[in-house]
Structures are given as structure tokens and as C-alpha cells.
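1. need coordinates for the following:
(chains A, B, C and D)
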Protein chains: 4
Amino acid sequence: MLRFLTAGESHGWGIAAVLDGMPAGVDVSEEELSAELFRRRKGYGRGARANIEDDRVLIASGVIKGKTMGAPICVIIPNNDYENWKGKYVPILAPRPGHADFAGMVKYGFDDCRPVAERASARETAARVACGYFAKKLLEKENIKVVSWVVRIGSISAELPPLDERMSKKEVSERLFELAECSELRCPDLEATERMKKLIDEARERGDTLGGIFEVAVIGVPVGLGSYVQWDRKLDARLAAAVMSIQGIKGVEFGMGFGLSEMVGSEAHDPVTLPKRPSNRAGGIEGGVSNGEIIFIRAAMKPIPTLQLPLQSVDVRTKEERSAHVERSDVCAVGSAAVVAESMVALVMADALLEMRGGDRW
Amino acid sequence: MLRFLTAGESHGWGIAAVLDGMPAGVDVSEEELSAELFRRRKGYGRGARANIEDDRVLIASGVIKGKTMGAPICVIIPNNDYENWKGKYVPILAPRPGHADFAGMVKYGFDDCRPVAERASARETAARVACGYFAKKLLEKENIKVVSWVVRIGSISAELPPLDERMSKKEVSERLFELAECSELRCPDLEATERMKKLIDEARERGDTLGGIFEVAVIGVPVGLGSYVQWDRKLDARLAAAVMSIQGIKGVEFGMGFGLSEMVGSEAHDPVTLPKRPSNRAGGIEGGVSNGEIIFIRAAMKPIPTLQLPLQSVDVRTKEERSAHVERSDVCAVGSAAVVAESMVALVMADALLEMRGGDRW
Amino acid sequence: MLRFLTAGESHGWGIAAVLDGMPAGVDVSEEELSAELFRRRKGYGRGARANIEDDRVLIASGVIKGKTMGAPICVIIPNNDYENWKGKYVPILAPRPGHADFAGMVKYGFDDCRPVAERASARETAARVACGYFAKKLLEKENIKVVSWVVRIGSISAELPPLDERMSKKEVSERLFELAECSELRCPDLEATERMKKLIDEARERGDTLGGIFEVAVIGVPVGLGSYVQWDRKLDARLAAAVMSIQGIKGVEFGMGFGLSEMVGSEAHDPVTLPKRPSNRAGGIEGGVSNGEIIFIRAAMKPIPTLQLPLQSVDVRTKEERSAHVERSDVCAVGSAAVVAESMVALVMADALLEMRGGDRW
Amino acid sequence: MLRFLTAGESHGWGIAAVLDGMPAGVDVSEEELSAELFRRRKGYGRGARANIEDDRVLIASGVIKGKTMGAPICVIIPNNDYENWKGKYVPILAPRPGHADFAGMVKYGFDDCRPVAERASARETAARVACGYFAKKLLEKENIKVVSWVVRIGSISAELPPLDERMSKKEVSERLFELAECSELRCPDLEATERMKKLIDEARERGDTLGGIFEVAVIGVPVGLGSYVQWDRKLDARLAAAVMSIQGIKGVEFGMGFGLSEMVGSEAHDPVTLPKRPSNRAGGIEGGVSNGEIIFIRAAMKPIPTLQLPLQSVDVRTKEERSAHVERSDVCAVGSAAVVAESMVALVMADALLEMRGGDRW
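-> As a prediction, the model looks like this:
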């Protein structure tokens, strides 16, 4: 069983994670891990913070002579900015709509929302990407690959090959991923990328923010991961939790997802043919079990909830109306969220693989 | 911690569940539980099977003098039809597209798909509704109520109050639920219900099936359930897994969900005002924590994958093309799925409540 | 992952369990399962109840054509005596020392101890033996065998081959098990068995009860089950929890256990030689991992806490002194506890095996 | 739910842990934590390593303004000696009897035992003590205190107040703890301490090692922690796993433990009297639930398995006989193990408390 716990606050000493359950014998390196973290960090629309985060990363345990050793892996990402923040405390008195600020303060009994903002921050997702890196390296040994791309930023959609093709053709998925890696927004439509960038510029000028939609594809999946036998073992349930747990995600669908609900059965399902199925509307999972096709997930991200032109809020001490707290933040981070989603998806897939194959070594 | 395991096959001895972690002191009855099971079973579009299932239900443990006693609750729903099936074995040689048939057979090493079909069947959801009943009774003690209604069957959408109102106004939610309980399809638009019924009739005649969309609302939720501190403690992640685990569900969203991805931040988030917020686009969860507003979930169900006019498949022995196996089945079960979703949502909410309040007794 | 939940009260409708995670393809039968339950039930010193319990057992799910199917297994053991108890309620007003009566009543907020006594009863262990049966059948496929015998009842110890031999020699373990199966007390020293029976007779006459010590050996264990990498994955920790969780158990040790604490290192450890080690003082586990030798566990059971000549207690309503509640009970059940321990040990071993080998099918 | 994962190897970058589930509002400090780590490290019989370990400790997350904030706590204990080890690799070719060396190498597929020795090392317990510190601080808020002392080193037993008194009298427990804190071996019999030290000196000279027995007492426990309702919720099962998981522990008992197995029921159980019971032979737990008395645990530690005068082993490459690998190590570490046991016990107790009381804040 793969399990992991992340720790760390946005302006604290750093971010860390412990990943338990990695089999022995998987080649890994800090360089590759750094590169993966860089993929999360970059992107048009990310704020100044993303630049401060240079994510020097340390694999503090679990690896010997370049290979995992079965032992828990500890990854540490120190906060370069920590010396500037140490000892300072800037209270957040006006909860930011869209954040956990208000609910977290009430839950944990704080006087202001600072402690909530520190931990609820998407900065935490660096630790998830770090854990996901190891999962990806394990999957790589079985030729399973997790890729993602952005299909929409705010009101602008990318022009992409039809959904059918994106879902069912390995070559299309791989090509879209390659293109996405060339785009500043991780969008494979490079022309749309430019329009999206303008939209981001405009939003930034207004002090506003943007969300969007991304897709994650898992290529090379064996038949039989997950199980239909118990609700919490269904692969789609586990993937849905993993993706929905990412900061800002409000919707998740598999294959044609919501679109399937409008179709009739005779058009919605994928005929069974050998060796490959002619379509993949189900998105690679039937009855909670991988069926050998591409696992295809789409997720919706809401706009970043920290606005420079702040929304209406109240002062938690006086209960009077005031503008929400303003904090340095991104304008748009859909491309980064897609990378985080790759990581979370990889962790679930690797876990399911260990269940099927046994978990000691590879 | 609330945890439960269900067991049982579609044509086996019966369906059972053990629910562990219910606090002591909650009033329950077999009559109410039967009524709840009946809500799952009924519905226009359900097949003959739904009528055979009369769901005589036994609370075999965990209740004494009408109250839960802290001990595990075992619920047993015997299969009335078992005597007719006992000892018979009808192999499924042509996997049904959309079912776990093929993937499950490969995974577990069967010669045909019958053992998969038996357990992957949505008959299992009766056990979930049984567990959910106890969770609902616990929530009731805190005036938390879980309701649902159908908003779409195939191509036909209900005309309902605007999404904004459905999500933010308790009275609207409650009224929609009342109306849904009067509809044969659990759709609060009784006029649309009639058109949907026709659509179902037409599909049945063609040997086809339908899916749809339903909404679940949790009313009366306290602030602070779930947590932002660790990915697997986020309330929305847990709810997404719970709902996505239901047979046939392919998409889940919270509040405005996918719609939020197209909006700008200044329009997407809900201003913070006291005592109540003016809107609830977030669907009652911010940062993975309940914020005191209605928790609002929407889910998409694909058409039932067992068709009377079967899809293309292959014979698992000969590898030759043939039509998929045909089995007695429903034409449409969106209303039932909504009841199952209420149950799964109630179980997650009750679990989160126990975490916050402690779990011995109520 | 193997997981199971048991349910049921002593005088309720029956006892049930759901076991999730059994791989497909293991041969099982209700006859064998009944025989296993009979092993738990019999024994000199067991009360009248043990005779009423004829443990008609039903495998209600998870098995098709005599083989496990990967699906959850539900086992139901109806209570033959239920019709006599139905609707009756005999409160327990004077908590029995040694039982959960008092603490459970306070915890769950009851007015008397009856609800506690009903669930805390060792009757529940029938469900564990039922689950253990399936685990044993899985282990059998790998030629792993779990056996047990009683070495002490009250003040009387069996004369057995030296501990060294019992722990390290497969033939000795197997022979002791065979003899134990012939003894009314599951004690391989048949002469001591007679003296123990007399001790039990005397205790019964006095209204008193007895405990004792038993040993469990796991033969044929592969190297590498469990892990040293995280505290909760250590095989000995998991086995200790499993055995200590059995009603009445107050001590658990591995190999020479407490005896090792008095030895020096040069005498305490088992030299490493190939293919087999010359001794097994560690009891088959080093650093939390199975080392290929016999896993050897010894456990202490306290005397049955329900006495016919009751201990001092108080009336929970009046707070006045009175004798503890008296209930039909056993005088001695060490042999039964040993069978339960076999089952719990088998479940842990099977779980560890699935982790190493993968869990879909066998 | 409190959960924690530790990470780190003996000669690696350092040791770390993430503890998830701590409520908000508990006062903590790095100074106190360092002092707690020092308690684990010190002790007559500990090797040179214990001196190198100065355990500079960093609370890297989860604490703000001196209070826990509900967020995961990350503790980091860098290895002062790391610069000397970095890049070096000293293979272990002859597995040390008593260690996981051999079994771990086979399990994870290594060529030598070094990767096993690195993680299986008791150095890891520093991370447990760090986590335990936070649990203790939480318990402190409810006036629950976890203490320990050593009662035997090798063949030498301490002369202490009778077991009855140690188990049932708060003042006695507290006094023994105070005395233990003054002893270089954490043994409250200061005269015996001197004889034990000599025994250690003699063992060291011979290249031999020693084990022993310690006791842990939890004072001030409320009634009702843990539960009898399901096997894995029993407080004693959970405590047994926690203590048995500590490196070197081979036996665990509660209250009179193995001694109870020789007694008759009328002498073994503790009469129920109000407000306090006259005896505590059960060790504070009946039926898996805390009964309000002192929770009393005794554990046996085997002699340290790394001997300077090594035991017989084999070369894993040549399969020829040779002496076991020799590594810098302790002669005796029973006092340290007792501190680790306090920590593990505190973590289980705090977890059970959160279940009963709810886990958001204190």
C-alpha cells in the first residue's frame, strides 16, 4: 500500500512529505525530481511567489545508490523565503471568499485566518508532486505514463482533436502532451495559448483571476486495476478523491463524463472488440476497474480565490463589512494544477498496481 | 470513524452490510429502514427485478430497544428469488460493454463473466442505502438533512428554479425534494416527468437505456466538517469518492462545478457576509471544509449498460464476434442512484461529524 | 488487503462477519467451515451455551461453485436460542469485574451493562474463526499451516518437549497439534489433560473459573512477510494486536519472549546458517519480518470473568455494594481461545502474504 | 485520527516524521521536544553513537506562535555525522542474527544487508519519540501522564514496591518514575542500578549485550477509551501493537499479564467498588476499554543483536560460514526503549482520546 502525508506551511520553514510503501529497486534522482517540481511551478499567470520557489529539493531518505530501498521516502523542499518571514505574523482578519479561511478559523478556534491560509495554500501541492514523481517512476517500469494538458482557461477553449480521439488514441494523447509541454499554459493549442495569455493579462490588470479545465490521460494501463467488489476499491472513486482533493478543483469526470448522461445506452457504451476497443467513451474504467484503454479524466478548476481587487468580506473581530484580505497570489494556475493532478493520479495508479502485483520490489 | 463493508451477489442468498462506528443512542427502526430501501427500489424505468426485490430487511445486530448501542450494525436483505437461482449457473460469455464484465474476468481469472456480473451489479447498492439510513438518523439528531432530486433523464431536462436558488435556499431545496418524492422518476418537475417517462417507454421499446443527472443537497451543515490539512481529509474529496463509487456514475461536481471554470474570480466566489452568505456557488465547501451553506453535489449517470438490444461484443472462449450477453435489467435508474447517493453522502457527513464531535454516543 | 468486520450480540439474532479482500480461486466449503467452528466451540470447561451454539453456518456471499470469487465473503451464524430471547431484556445492574461491563456502560451512556455484555461477549469470536477459515485456506495454497495447543490451565502445566524443540522443529509442532486435537482441552499432554479436567471440575463446583496459556505456531512461512520499514507494518506488531484483541488475553510473546530479556546477546540470538537455522529463539520474526522459521507465539488468558460465585460489585443505580451479575458462562475456555488465535494469526499472515504476492487470485 | 509516518536511515541525512491529526491549541516547544529526545538518547550502556546524536531538532511545520495549529507536524532530526558518511557504502555481507538483515535482504532483493540495517536500526525511534512528545502534550491537557521505568537488566531485577502497588497507586507510579529519571539506567532501584551497570561493563568487555524488562504506566486515564465492539478498536490490542513494534521487544503484557493465567477467577479479577477499585490486576483495561485505573504495561526487550564478539553467520555471496557483521552499537538500551514505549503508548492514548472527544481543538 502506498500512503503519504504532506506537511508544511506556505511561509514556513518548508514543505515536506513522507511516502511509505514504495517498492525497492526503482531508479530515481534529485535532478529528475527537481525537473518535475519545476513543471508544477512554471506557467504564465503564476505569481511572483512561483519565482521565489526555486524548489531546491532534498530526498532525505529511502534511496540508496540511486534506487529506492523499500524504506519510506522523505522529501524536503525548504522555503527560500523563510528568513524573511521568520517570526513575522501577518493576521488575516477578513476571510477570502473561496478559501478555507473562514471555515478553518471556526473549526480550529483561531482568532484570525492566518494559520488556515498557511496550510490550505496550494504551496502544499509541491509535496504531492514530489510523491507523485516516485509513483511515476514505478509506473514507468510497467510502461504506464501519466500525461496532462489544459483545454480551457476562463472563457477560451483550445481547439483540439475531438474528444473521441483524445481519449482513445495513444498517439494523440502523447502528441497533445508534447505540445502542452511547449506551451506557457500547458495548453496544446499554441495559438489559443496566446489568446489565453492575453486573457490572463487582462485579468491581472483588473485584479481578477481565472480558472479552467484540464485533462489527464493514463497510457499503457493493464486490465484489472481497482475492483468492483467494494465501494472504496473502485479505481474511479479513488481517482476522483485524489483529483478533487487538489486545491481549486470543483468537478471531475471520466471519459465523456457528464456528456454520457445525455446519450442513450446504444451510443454511450464502447463495443467489446479484440485486441482493442473501437471507442473509449468510458474513459478506461468500467465498473471501477481499468479495462486496458486510456484512463481519461477531466477536471474543472475554479478561479484562484485570492484577488488583488478583493471581494466583499467581514472583519472577524468587529463583524463589520470590509474587503477580503489581499495576499500575493497567482492569476491563473490551471497548468500547475494539471501537473499536480498527474501526480495524484500516478499515486493512485501505483497503489492499485502494487495491490495487483505485490509490493516488495520491482 | 464510520466504516462499512457490503457483501452479496445479485442472484445470491442476499445482500448484507456491516456498519461499524455508529454511536450509541440513535433511534432507528426496521420500518423506517424498509421505507428507505423502498425509495431506492421504486421508479419508472426500473425492471421486473425491482419488483421481486421486496427488500424484507433485518437489522441483525447493533440495536437494542430501538436504539443503536455503539456495536456494529449488521443489515441483511435476503433475496426472495434465491430459491429459483440456487445451484443454477448461467455463464456470461459475451462481456457487456459498460460493465466490469471483461476487466473483472481478466483480473480474477474467471472463465466467464458471471461472477463479475453478480457482484458488480447495482443490487449491491441496497446495502449502501441500508448503511446510509443509520447515518441519516445520526445526522437528523443535528438537524442535518440529505436530499436529492433528478434534473435530467437522457435528453430531457427538468425546468427548475435557477441553480443559484437550488444551491443556496433551504426552502427551495426542501420543496424540490418534496416534489421529487411525488414523481415516479424523482424529478421535481412533474410535467417533465411525464415526458421523461415517454422517453423511457421509447427506449424500452428499442431495447435501449438511459442515464441522467441528479443533485444532492445537504441542509443544515455545521461549519468545519472535513479539513484542508491533508489531502484525504478534504470533505469534497471524500464526497467525490463516495458518489463516484456508485454504479454508473461518471462525473461529480460541487456547487457550480464545471461552470466555475469559465467564470472570473470576481464572479465565481461567494462574498463573506454574516450570518449567511449571499450566494453559494462553491456548493458549501471551501478548501475542503464545510462552510455552513448547503452542500450541493451534482452527478452524472451513464445509461444502464445492460441492453435488451445488445451491443457488439466477443465470445470470451472463441474470441469471435457476437452480441453482448442479455440479462433482465432496468431501462433507467437515475432516481434510484440519487437515493444511493444520498446514502453515501450521509455516510461521509456522519463520519466527518464524528471526527469533530467524538463518536461514543449521541 | 484483507479486512473484516464482525457483528452480532451474544443473545441476538446471530453473529455475522464480512471479509473483504480474499483473492479469487480458493476452494472452500461450508462443511469445512462448520468443522472449524466446532473446534472453537467444544472443550471441557465450556458451558451449556457452547452446546446450544451448534453453529449452523451460512456462507452468504463471495463463493461461487466452491471457490472464492474475489468478492466480499459474508458468513452468518444464526443464534439457535434467539426465539427464546427475542424481546426479553435482562438488565445487568452489577458490573462483572474483568468484563467491559462498567467501562462500556459509562462510555456509551447506558443505564445498565446488558448492551455491553451482549457485544463484548466471546460469542463474537465465532465470527473471527469463520473469517480465519478463509485465511487458512489461502495459506494452505502456499503450504503455510497455523496450529495451536494449550500448555497450561490454571496451576497445571503440560509436560511437553522443550520450548526449543516446539519452536524450531516442524515435526514436533505438527505432532503436538495432532495430540492437542485429541485432547478435550486441546492440550497435547493427555495425562495432564486429565488433571486439568479435575481442576476445572473443582473450579466449577466452587463457582470459580480458570485461565491458562496456549501457543500458536505457523509452519511453512516464507521469508519476508511484514516489514521493518514502518512501525505498523511489522509482522510481530500486527500479530500481537490480533492475538491481544481476543477476549481474555492479557499477554503475548514471540519465541522465548520474556525469557530472552534475561539472556545475554551471545546466547539469545539464533546463528545464521543455511539452509536452516540451528535454533529459533526469536520465534520466526526478526526486525518485524518473517525469517523463514516457525512463527511461534505464546499468549496468556485470564480466568473467565463471569463467576457463578460472583465477585464484589456495586449496583449501578443505587451505588450500593452487591454481588456481580451472574450469567451462564464457561469455567475455562483456553482451548477455544487458542483456536480463535489460530484464526486471527491466519488472517494477519494471509494479509501479509497478499501484500507480498498481490491479491487478485490464487 | 492521529497517524504518523517516520522516515530516515541510521547513517543518512537525518530522521523525520510527519504527524497528522493533532488538534489545534496545544502548547509545544522545541526545547521541551529536545529534552524528550535526550531522555531517549542517554543511558549507561548506550554506545558512542548516542553521543554523536545530539538531536538538534526542528519542528518544521504545524506549529504557530507556540501552539499546534491542526496542521500536520513535521519534525526533522538531522544526522550530525552525515558529512562523514555521505557517499560511503559499507556493505553488510554477513547478516547479524537477531536483526532483520537476512529477511529484509531477501524480501527487497538486495545484494547485501546494508539497506536493511540502515532502516531497521533503532535510530528510527527518535522520530517516534518526537511524535510521542506531541501526544504527551495533548494528554497533559487532560491530566493524563505516561511514565516508565526499568525493572530488570539481564539477570538483575530491581527491588521495587510490589506489583500490586506499582499498578494501582498513582503516588507509587509517580515516585518510581521520579527515581527512574535519576538513574543512569532508568531503574528506580538506585542500588540495583549500580549492579546493573557492572553487568553492562562485563558484557561490554566480553563483546556481549543485554536486554531487560520495563514497565509503562498511564496515570489519569478517563473511563471509556478504546472499545470492545470491534477487534481492532480494543485499546489493549492497539497498545500491544504499538509497544511490540519497538525494535527489540519480544513480549507485552497488561496488568498481571501472564501471571493472571495461573490464578483462579475469584482471585484474578478486580472487585468493582466506587469511586476506585481496590486492586488493578487487569492493568486498567477490561474488555478492551480503559476502566479509569492506571493502565499498566510490561514489556520484554531482547539483548541488542549487534555484538562486538559476533555470532555465527554466513557470507551472503559465497554462502560460506563467517562471523556476523560488526557495527558500532549499544550494549544495553532498555531505558531508551522504555522512553520509546512511553511515546508509542502516548500516541495510542491520544488517538483514543480524540475518538471520544472529537479532534479539532483543545
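
2. for the stretch 251-362 of chain A, which residue gets nearest to chain C?
-> Relative to chain C, the nearest point of the stretch 251-362 of chain A is A:Gly358 (4.1 Å; CB to the nearest CB). For every residue, glycine as well, the C-beta is placed using N, CA and C.

3. count residues in the vicinity of that residue, would you?
-> Using other CB atoms under 10 Å in any protein chain shown, A:Gly358 has 17 neighbouring residues.

4. now it. Nearest residue, chain neighbours left out?
-> Excluding the flanking residues, the one nearest A:Gly358 by CB to CB, 6 or more residues apart in numbering or on different chains is C:Gly358, at 4.1 Å.

5. next one: A:Ile213
-> The shortest distance from A:Ile213 to any non-neighbouring residue, by CB to CB, 6+ apart, is to A:Arg152 (4.1 Å).

6. now do A:Ile249
-> A:Ala299 (5.3 Å).

7. is it true that A:Pro72 touches A:Ala60?
-> No - using CB atoms under 8 Å, A:Pro72 is not in contact with A:Ala60; the gap is 10.0 Å.

8. which one of the two has more residues nearby?
-> Each of A:Pro72 and A:Ala60 has its neighbours counted (other CB under 10 Å); A:Pro72 has more, 28 against 23.

9. how about the spatially closest residue to the more buried one that is not a sequence neighbour, secondary structure?
-> Of all residues not flanking A:Pro72 in the chain, D:Ala7 sits nearest, at 4.0 Å (CB to CB, 6+ apart). Of the three states, D:Ala7 takes strand under DSSP: H, G, I helix; E, B strand; the rest coil.

10. need the pLDDT of D:Ala7.
-> Per-residue pLDDT puts D:Ala7 at 98.

11. now the helices for the stretch 201-350 of chain A?
-> Counting by DSSP state H, counting those that start in this stretch, the segments of the stretch 201-350 of chain A that form helices are A:235-244, A:265-268, A:334-357.

12. which residues are contacting the second one?
-> Right, helix A:265-268. For helix A:265-268, the external contacting residues (CB atoms under 8 Å, 6 or more residues apart in numbering or on different chains) are A:256, A:260, A:281, B:98, B:203, B:206, B:208-211, B:302-305, B:307, B:309, B:311.

13. from those residues, which would you call buried?
-> Those of the contacts of helix A:265-268 that meet the buried threshold are A:256, A:260, A:281, B:98, B:203, B:208-211, B:302-305, B:307, B:311, by 16 or more other CB atoms under 10 Å in any protein chain shown.

14. reformat the helices of the stretch 201-350 of chain A as a markdown table; add mean neighbour count and mean pLDDT.
-> Formatted as a markdown table, the helices of the stretch 201-350 of chain A follow (neighbours: other CB atoms under 10 Å in any protein chain shown; pLDDT from 0 to 100):
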| stretch | mean neighbour count | mean pLDDT |
| --- | --- | --- |
| helix A:235-244 | 28 | 98 |
| helix A:265-268 | 22 | 97 |
| helix A:334-357 | 26 | 98 |
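
15. my guess is A:Ala242 meets B:Ala237, correct?
-> Yes - using CB under 8 Å, A:Ala242 is in contact with B:Ala237, at 7.4 Å.

16. any residues in contact with both of the two?
-> Common neighbours of A:Ala242 and B:Ala237 (CB under 8 Å, 6+ apart) are B:Trp231.

17. what sits against the residue in the stretch 251-362 of chain A that chain D sits nearest to?
-> Minimum separation of the stretch 251-362 of chain A from chain D (CB to the nearest CB) falls at A:Arg361, amounting to 4.3 Å. Residues in contact with A:Arg361, defined by CB under 8 Å, 6+ apart, are A:23-25, A:70, D:107-109.

18. indicate the residue of the stretch 51-200 of chain A located nearest to chain B.
-> Nearest to chain B, among the residues of the stretch 51-200 of chain A, is A:Ala100, at 2.4 Å (CB to the nearest CB).
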